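**Student:** Provide a 3D model corresponding to the input given below.
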Amino acid sequence: MAKLIKNGRIVSDDWQIVLLGEDGRAEDLALPAGKVIVPLSVWQAQREPIAARQGEIAVWLDGSDDPAQIVADLAALPLVAIRFPKFTDGRGYSSAALLRTRYGYTGELRAIGEVLRDQFQAFTRCGFDALQPAQDRYTDEQLERALASLGDFSAPYQRSVTETEPLFRRQQRGLAA
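**Tutor:** The predicted structure follows:
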């Protein structure tokens, strides 16, 4: 079973990520039993039949997908994943920030795909509470070190989803004499 960092802990993942087949037909994709994370196109094509599986269906967005497309469904989604196809594609950071700030999503927000340790700080500052690197990318020991590294910076300078004021506004300053 795959492992991920979720809310500051390493946990086993009980969700399965579903990919489209070679034909790319979202409306014909048969979903396995259990908790599944489906692409946005599958959610849109099969919304009625899969909506009945409350708590077992989640949606993943690509960087090119507009998070506004799922706003009406956010309350019913226990998890929204954002897929990073390569580490240089930063569009998912903006999607995460929009989901947390503009759309008020409070459920699990998970980064999937090319989720690299060097970017873990940035992921969490944009609102992700779960980080799922590709399976077998990191050993358990490497994940433990990565988790520990999330505490390397006690006070970020910039504002973010998790820190709404920049450091200079958070600091108490004495009056000049």
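**Student:** report the separation between D65 and I82.
**Tutor:** 9 Å (C-beta to C-beta, to the nearest Å). All C-beta atoms are positioned from the backbone trio N, CA, C, and that covers glycine.
**Student:** who has more neighbours, those two?
**Tutor:** I82 (28 against 19; other C-beta atoms under 10 Å).
**Student:** who's the more buried one bridged to?
**Tutor:** On the basis of DSSP bridges, I82 is bridged to L61, A111.
**Student:** that older thread, give the residues shared as contacts by D65 and I82.
**Tutor:** S95 (C-beta atoms under 8 Å, 6 or more residues apart in numbering).
**Student:** do a quick rundown of the helices in this structure.
**Tutor:** Assigned by DSSP state H, the helices in the chain fall at 40-45, 47-51, 91-100, 120-125, 140-149, 167-170.
**Student:** which one of those helices lies nearest to I70?
**Tutor:** For these, the distance to I70 is smallest for helix 40-45, at 7.1 Å, taking C-beta to C-beta.
**Student:** how about that closest one: buried residues?
**Tutor:** L40, S41, V42, W43, A45 (16 or more other C-beta atoms under 10 Å).
**Student:** surely the last one meets L31?
**Tutor:** Pointing back at A45 there. No - the pair A45 / L31 is not scored as a contact, 11.4 Å apart, by C-beta atoms under 8 Å.
**Student:** now do the shared contacts for those two.
**Tutor:** Joint contacts of A45 and L31 (C-beta under 8 Å, 6+ apart) do not exist.
**Student:** contact partners for the residue nearest the centre of the chain?
**Tutor:** Computing the C-alpha centroid of the chain and ranking residues by C-alpha atoms, centre = their mean puts R110 first, at 2.2 Å. Applying C-beta under 8 Å, 6+ apart, we find R110 in contact with L4, K6, I37, L79, V80, A81, I82, F128, D129, A130, L131, Q132.
**Student:** same question, L4
**Tutor:** I10, V11, D13, R110, A130, L131, Q132, P133 are the contacts of L4 under C-beta under 8 Å, 6+ apart.
**Student:** surely L99 and L79 touch.
**Tutor:** No - contact criterion C-beta under 8 Å: L99 and L79 do not qualify, at 11.5 Å.
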